[in-house]
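S.K.: please find the sequence and the predicted model below.
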Amino acid sequence: MRRTMSIKISDLVVPMLAILAVLLVALAIFQPWWSVRTSPELQAMSNSSLSIDAGLFQTLNVARTDVNSTNTTAFTISNTTAYQGPIFQMITASRTDGNLTTAFTFSINNMTSYQQQTQQIADTTNQTLPLMAAGLVLTIVSMLLLLVVTRTKMALERYTYFVGILTTIILLIAPLELAFNVTSFSGSLAITDNTSPWKGEAVVTWGPSIGWYLALAAALIIIVCLLPVRTMYSDRKRGTQSLK
């Protein structure tokens with residue numbers, strides 16, 4: 001009964017998950033891996049929002065949206081490391097605390113920690129992109145092997161398991177390398193002026209974006225696909241030994 005249930009799950013679920021993993025890896029390569037956002041409170045105070053999305057191809061997608069009019073100013077920087085101009089206009093917000101009113105103005109382009117993060121990410125993605133390209137190729141190979149093993153029952157479980165483990169390692173290395181090699185991969189900037197009502201509150205936050213998460217999700221899916229393959233290999237091995 002257990003073996004029948006294992007084969008049924010492998011036949012139906014594993015092929016679909018393997019195809020999904022390929023789609024996720026392909027999508028991850030072209031999606032942002034790191035993003036910058038203004039905090040919700042600052043957006044409310046300034047009636048506008050700012051966002052920056054960094055991808056693996058040394059690009060920055062920049063957008064500023066005016067909340068009241070829903071007008072969006074957006075542009076793409078095609079070479080992150082070579083760009084020297086202002087990223088977008090300065091944003092101004094004011095806040096009153098008792099009798100004290102503070103106007104707060106900043107430009108993302110002038111934030112030293114943001115510039116450091118961007119440079120580190122641009123440098124690291126030079127290694128991340130080839131890893132994801134290799135991960136895509138291996139994911140496709142894993143998908144084909146999983147389809148063969150689950151649909152035809154050919155004795156390729158050992159090779160499928162090996163390729164699947166290698167694929168998982170590559171897909172995990174890519175996002176983890178980006179996170180470990182960038183100082184404060186996720187974080188925020190807060191006002192430190194003791195006289196400001198904004199003191200201690202985050203005005204800008206940054207961290208991993210959809211592409212980064214998709215790579216991790218694809219790796220986890222491959223691991224799930226390998227579980228019934230391992231069971232099939234163990235069953236086949238026990239069956240072979242029982243015939244001796």
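M.R.: Yes, it's here.
S.K.: residues contacting the residue nearest the centre of the chain?
M.R.: Nearest to the geometric centre of the chain sits residue 212, at 1.1 Å (CA atoms, centre = their mean). The neighbourhood of residue 212, defined by CB atoms under 8 Å, 6 or more residues apart in numbering, consists of 28, 33-34, 175, 178-179. (Glycine included, C-beta is placed from N, CA and C.)
S.K.: any buried residues in stretch 139-154, and which?
M.R.: Across stretch 139-154, burial judged by 16 or more other CB atoms under 10 Å covers 139-143, 145-146, 149-150.
S.K.: likewise for stretch 161-175?
M.R.: Neighbour counts using 16+ other CB under 10 Å place 161, 163-164, 166-168, 170-175 of stretch 161-175 among the buried residues.
S.K.: in strands, which of the contacts of residue 212 appear?
M.R.: residue 34 (DSSP state E).
S.K.: one step back: what's the helix or strand for the residue nearest to the centre of the chain?
M.R.: Element membership for residue 212, per DSSP states H and E: helix 210-243.
S.K.: and for residue 103?
M.R.: Here residue 103 is assigned to strand 100-106, by DSSP H and E.
S.K.: next SSE after that strand?
M.R.: Downstream of strand 100-106, the next assigned helix or strand under DSSP H and E is helix 112-152.
S.K.: just want the angle from that next one to helix 210-243.
M.R.: Note on geometry: by axes from the mean of the first three to the mean of the last three CA atoms, to 10 degrees, helix 112-152 and helix 210-243 are set 30 degrees apart in direction.
S.K.: any idea of the mean pLDDT in helix 112-152?
M.R.: The pLDDT scores in helix 112-152 average 86.
S.K.: output the contacting helices and strands for that helix.
M.R.: helix 2-30, strand 34-38, strand 48-54, helix 157-181, strand 187-190, strand 202-208, helix 210-243 (3 or more CB pairs under 8 Å, 6 or more residues apart in numbering; DSSP states H and E).
S.K.: so how far is that helix off the chain centroid?
M.R.: Computed by CA atoms, centre = their mean, to the nearest Å, the chain-centroid distance of helix 112-152 equals 10 Å.
S.K.: residue 189: neighbouring residues, count only.
M.R.: 18 (other CB atoms under 10 Å).
S.K.: next: residue 176.
M.R.: 14.
S.K.: any idea how far residue 39 is from it?
M.R.: 27 Å (CB to CB, to the nearest Å).
S.K.: go on, residue 187?
M.R.: Distance from residue 187 to residue 39, by CB to CB: 12 Å.
S.K.: out of the buried residues of stretch 161-175, who's nearest residue 226?
M.R.: residue 164 (4.5 Å; CB to CB).
S.K.: per-residue confidence for the spatially closest residue to that closest one that is not a sequence neighbour?
M.R.: Sequence neighbours aside, residue 226 is the residue nearest to residue 164 in space, at 4.5 Å (criterion: CB to CB, 6 or more residues apart in numbering). Residue 226 carries a pLDDT value of 91.
S.K.: which neighbours do residue 187 and residue 39 have in common?
M.R.: residue 205.
S.K.: show me what counts as buried in stretch 208-227.
M.R.: Buried residues in stretch 208-227 (16+ other CB under 10 Å): 208-209, 211-212, 214-219, 221-223, 225-226.
S.K.: determine which two of those residues are furthest apart.
M.R.: So, the buried residues of stretch 208-227 by CB to CB: farthest apart are 209 and 226, at 27.5 Å.
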